[in-house]
Structures are given as C-alpha cells and as structure tokens.
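> How does the following fold in three dimensions:
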Amino acid sequence: MPAYRNDSVTEISAALGVMPSGSAVSAVAKRLLDHFTSGAIEPGTRLPPERQLAASLEVGRSAVREALAALEILGIVDVRPGSGTYLRGSASELLPQTLSWGMMLGEPRTRELIEVRGELEIYAARLAADRMTDEALDRLRGHLEVMERTVDDLSAFIEADVLFHLEIALSTDNRVLLDLLQSIRSLLRVWAERALQDPRQARDALDEHTRVYQALRARDAAAAADAMADHMGTAGRRLAGSGSIDSSEAVQSAG
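Now for the predicted structure:
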C-alpha cells in the first residue's frame, strides 16, 4: 500500500506550505483538502502522522487532528486506529467545490445550516410518528439506552445521538429528506462535538431525546414535532455557549 516515507517530510512541507500564524481549523482543513485532491497523492496512500503534518504546516497538532476529523466525516480520508490515516478514492468533479463550501463554514453559513437542520429535524419527527415501525422504535430505544449509559463518555454519547437522529430520518421513508439531513449533520459535526462539553449537558440532551422518543412511541406527530423543536432550540444554545458562533443568532436560528 502506498505510504509516505520518513525521508519525504521535506517534500510534503514544500507541497503543503506553511500556514499563516493563527490559522483556523477550517483553513488547515482547506489546505489539506486542496493537497489531497490535487492528484499528487494516489488513492489508498497512507498519510504522514499528525505530528509531521503539523510540522509541515507549522500549526498545532490539535488543529491538524480536527481538520482530519472533518475530512473523514466528508469522506476524503479514512482514519484507521492503530494503522494510520489513508486517502480515499479520487474525488469527483463536483467534490472540491462542495467540500470547499463545507470546510470554509464560518458563522453566517453555520447559523443558516443550524436553521435549516432544525426545521428538517422537526419535519422528520412529524413524519416518523406516523411511519415508524415497531422495530425502528425498538432500535430508537436502544440508542437512547446507550446514551443513558454514556453520559460520562461524551464521544460514545455523541455517536449514539447521531444514530438516534439517523433512525428517525430513515423512518420518514423519504430519501431526499434523509440525504439532506445527513449532509447537513456531516457539515455541522465538528461544531456539534465542540458544543457538548460536559456530562451535565449530556444529561440535558438525554432528557430532550427521551421526550422525542416518548412522543414517537405514542404516535403523536404534533408532540414529536414540538419535542424536536425544543431539542433543536436547546442544541442551538449549547452550540452558542461553546463559543463557536454568536449566541443570540445561534438560538434564533436553532429555534
């Protein structure tokens, strides 16, 4: 499998170039994205470790780590624990433009995405109340139980949270709605992970998800939509409280 050699760090540095001082994670991700989709690296190549990429760009390892996490969410790289990070297949013609938009998310676009995502989640909950199968409800309860067990393990909690919302979206039996929600959630994923910062917030989120589940179990479309609207509003406040975006505008968008 193709891989960078230890003696190629100079070559990588020349290809990537040094980032300006104080560069945001989104700018680091954009620089890596441009290089990874330039055709200079073969699909399947194992990339240099975080420390080498950070040294090449002259940025902190945390910025590189978050940038790679965002690129993994968007399907550009594959992070394999214990093995390394690998470049996935070549990008389509539309991919660079799409991912450039996603990677360069600033406050205005993030607020807009939060607003759109909130309304789509509310609509999904309304549809799912009528269309969700008993088996899907059982799976939804399973995701909720994982969240109950992992309020002190935020990484595992977030994964269960994602699966909870995915189950609802799948149950709408509306492929367009599902794809839209998946795309928006992917673009907001890194921001959302920053927003959930402690077990207290996780417990609050658990209560919100429980109310959504109870309304869906009761097949009450109006209650499910209301519960999801409440969840989207408080999720926006948590995101604003993380310092990622302006507080008042985030709450307005999420509500």
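> residues in contact with stretch 124-140?
164, 167-174, 177, 181, 212-213, 215-217, 219-225, 227-228 (Cβ atoms under 8 Å, 6 or more residues apart in numbering). (C-beta placed from N, C-alpha, C; glycine too.)
> quick one: which of those residues sit in strands?
Among the contacts of stretch 124-140, no member falls in strands (criterion: DSSP state E).
> Is it possible to mark the buried ones in those?
164, 167-172, 174, 177, 181, 212-213, 215-217, 220-221, 223-225, 227-228 (16 or more other Cβ atoms under 10 Å).
> Roughly how far does E135 sit from R175?
Counting by Cβ to Cβ, to the nearest Å, the separation of E135 from R175 is 19 Å.
> just to revisit the earlier point, now intersect the buried ones among the contacts of stretch 124-140 with the helices, please.
164, 167-171, 177, 181, 212-213, 215-217, 221, 223-225, 227-228 (DSSP state H).
> State the next helix or strand along the chain beyond the top helix by length along the chain.
Counting by DSSP H, the longest helix found in the chain is helix 107-131. Downstream of helix 107-131, the next assigned helix or strand under DSSP states H and E is helix 134-149.
> Tell me the buried residues in that next one?
For helix 134-149, by 16+ other Cβ under 10 Å, it's A136, L137, R139, L140, R141, H143, L144, V146, M147.
> what's the closest non-adjacent residue to the last one?
With Cβ to Cβ, 6 or more residues apart in numbering as the measure, A160 is the residue that lies nearest to M147, at 4.6 Å, once sequence neighbours are left out.
> I'd like the domain boundaries of the protein, if you could list them.
According to automatic domain parsing, the chain comprises the domains 6-97, 105-254.
> Most tightly packed of those?
domain 105-254 (a mean of 18; mean count of other Cβ atoms under 10 Å).
> So for that domain, mean pLDDT?
Domain 105-254 shows a mean pLDDT of 84.
> Y86 in helix, strand or coil?
strand (DSSP: H, G, I helix; E, B strand; the rest coil).
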